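*Asks:* My questions are about this predicted structure, shown below with the sequence.
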Amino acid sequence: QKEVEQNSGPLSVPEGAIASLNCTYSDRGSQSFFWYRQYSGKSPELIMFIYSNGDKEDGRFTAQLNKASQYVSLLIRDSQPSDSATYLCAVNPGNQFYFGTGTSLTVIP
Amino acid sequence: DAGVTQSPTHLIKTRGQHVTLRCSPISGHKSVSWYQQVLGQGPQFIFQYYEKEERGRGNFPDRFSARQFPNYSSELNVNALLLGDSALYLCASSLEWGADTQYFGPGTRLTVL
């Protein structure tokens, strides 16, 4: 079983819609959770991190964490074509980062 | 402030050769981690260094080694290169070690022929 699982997609949403990206993890001891955005040919860029159960909002982005279900998600409101990228979920149980394979998002103008 | 820097940007080597990749962390950050990312996959953890000591090692062969210098910069060395070592090598910087937030450099694209 992989440490972090993501639906590889591709996920397509129309411009202005809400994009929902999901991630599950296996280590119940995980302490910190991160979402990175990666454009083709570029390195990952940090979008958000979340440590506590519940929601955390930053602009158009909302991260949701449910430790009981071992589930973390990212919502992107008012999606823009510039949001088209691969979104990587990362989980850290305290000793190292584990990344999912990423979900490819395309926002259609 | 400058972000994480890595050099070189691109590198082409042949099988059996050795390669050294370099990374300078964000000013004030004491921890550097190295990752390998092959096409279509997420980054795979190779090493984490903090205060010049190895604090974590991923599931990579002994051909991979690294070190951190007193100024917190770091080198990743790979010996006896294989075709399968072709990947984007990412360096990530964090203030402390462990679960602290990591910020990535632009990466070094290594091609092994």
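*Replies:* Nice, thanks for sending it over. Bear in mind that the values here come from a model prediction, so they are computed numbers and not experimental data.

*Asks:* Around chain A, pick out the residues from chain B.
*Replies:* Applying CB under 8 Å from any CB of the partner chain, we find that chain B lies next to chain A at B:33, B:35, B:40-45, B:48, B:56, B:58, B:88, B:90, B:92, B:98-107. C-beta: built from backbone N, CA, C; applies to glycine.

*Asks:* and A:Lys42, how many neighbours does it have?
*Replies:* Counted with other CB atoms under 10 Å in any protein chain shown, residues neighbouring A:Lys42 total 14.

*Asks:* For chain B, which segments count as helices?
*Replies:* Secondary structure of chain B (DSSP state H): no helices located.

*Asks:* Quick check: buried residues in the lowest-mean-pLDDT helix or strand in it?
*Replies:* Within chain B, no helix or strand scores below strand B:53-57, which has a mean of 92 by mean pLDDT, DSSP states H and E. Residues B:Arg55, B:Gly56 are the ones in strand B:53-57 that count as buried (16 or more other CB atoms under 10 Å in any protein chain shown).

*Asks:* Output it in PDB with nothing but the alpha carbons.
*Replies:* Only the C-alpha atoms of strand B:53-57 are listed here, as PDB (Å, rounded to 0.1, in the frame of the first residue of the first chain):
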ATOM      1  CA  GLU B  53      24.100  15.600   9.900                       C
ATOM      2  CA  GLU B  54      22.100  13.000   8.000                       C
ATOM      3  CA  ARG B  55      18.600  12.800   9.600                       C
ATOM      4  CA  GLY B  56      16.900  10.600   7.100                       C
ATOM      5  CA  ARG B  57      17.500   8.300   4.200                       C
END
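
*Asks:* Show residues contacting that strand.
*Replies:* Where contact means CB atoms under 8 Å, 6 or more residues apart in numbering or on different chains, the residues beyond strand B:53-57 that reach it are A:95-96, B:31, B:33, B:45-49, B:66, B:68, B:97-98.

*Asks:* Any idea how many residues pack against the nearest residue to A:Leu11 once chain neighbours are set aside?
*Replies:* Spatial nearest neighbour of A:Leu11, chain neighbours left out: A:Leu105 (5.0 Å); criterion: CB to CB, 6 or more residues apart in numbering or on different chains. By other CB under 10 Å, 22 other residues sit near A:Leu105.

*Asks:* do B:Leu110 as well
*Replies:* A count of nearby residues for B:Leu110, using other CB under 10 Å, gives 20.

*Asks:* Contacts only, for the residue nearest to A:Leu11.
*Replies:* If you count contacts by CB under 8 Å, 6+ apart, A:Leu105 has them with A:9-13, A:19, A:21, A:76, A:79, A:83-87.

*Asks:* ok, of those, which one's closest to chain B?
*Replies:* Closest to chain B out of these is A:Thr86 (9.0 Å), distances taken as CB to the nearest CB.

*Asks:* can I assume the closest one sits in a strand?
*Replies:* Yes: if the criterion is DSSP: H, G, I helix; E, B strand; the rest coil, then A:Thr86 is within a strand.

*Asks:* Does it touch A:Gly102 like I think?
*Replies:* Yes: here A:Thr86 lies in contact with A:Gly102, judged by CB atoms under 8 Å, at a distance of 4.2 Å.
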